[in-house]
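Asks: sequence first, then the predicted structure:
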Amino acid sequence: MKVSFAHIETARIIDGPLASKEGERTGAFVMGCKIPEGVSMVHMLTDSGATSGWERVTITEFVKKEGGKPEPVLPNIQTITAIKDMFWDKNESVVLYFHESLPDANQTPAVHLWKSKRQNYILPIMEVITSPLPDNVIPLPEPSSDKQTPPAGV
């Protein structure tokens with residue numbers, strides 16, 4: 001995890017139950033941006049792993065459409081990648097675990113990025129990650145902005 005969060009200190013929550021002090025490597029941060037649908041607010045809770053041995057960033061996102069109330073959405077890969085790079089260096093690998101006991105579907109969707117402070121990860125070799133797909137792989141359909149119905153039989 002980065003030694004300093006100076007580059008995002010302006011987003012730190014400094015009042016209330018989630019407050020933390022400037023310079024701490026544990027805390028809550030909120031960033032917002034205008035999007036075509038309205039406004040997106042991303043909340044990030046960080047833990048430097050000082051007591052647990054696990055560095056962690058929990059990401060939750062809310063979209064507020066004009067005239068509506070904020071609705072939770074699952075962060076997309078671009079958001080997750082940008083936040084990973086805010087808290088860890090580019091050469092650090094972090095993981096997103098899918099735990100066997102997933103939270104209740106009614107809870108706010110969140111993504112948890114983890115890095116062990118005790119051990120390094122075994123990573124696949126770069127050739128596996130960057131190799132082209134075999135010819136017999138069927139590509140996924142392109143997403144559309146229309147509401148999609150699941151294919152028959154799913």
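Replies: Good, I have the coordinates.
Asks: quick one, helices of this structure?
Replies: 77-87, 126-130 (DSSP state H).
Asks: I'd like to know which of these is closest to Val111.
Replies: helix 77-87 (5.7 Å; Cβ to Cβ). For every residue, glycine as well, the C-beta is placed using N, CA and C.
Asks: off-centre distance for that closest one?
Replies: 6 Å (Cα atoms, centre = their mean, to the nearest Å).
Asks: if you compare the helices of the chain, which one is most tucked away?
Replies: Of all the helices of the chain, helix 77-87 carries the top mean neighbour count, a mean of 16, counting by mean count of other Cβ atoms under 10 Å.
Asks: what residues are up against the nearest residue to Pro109 once chain neighbours are set aside?
Replies: Of all residues not flanking Pro109 in the chain, Leu74 sits nearest, at 4.3 Å (Cβ to Cβ, 6 or more residues apart in numbering). Counting by Cβ atoms under 8 Å, 6 or more residues apart in numbering, Leu74 touches 61, 109, 111.
Asks: rerun that using 10 Å as the cut-off
Replies: Neighbouring residues of Leu74 by Cβ atoms under 10 Å, 6 or more residues apart in numbering: 59-61, 80, 108-111.
Asks: out of those residues, who's nearest Met126?
Replies: Nearest to Met126 among these is Ile80, at 20.8 Å by Cβ to Cβ.
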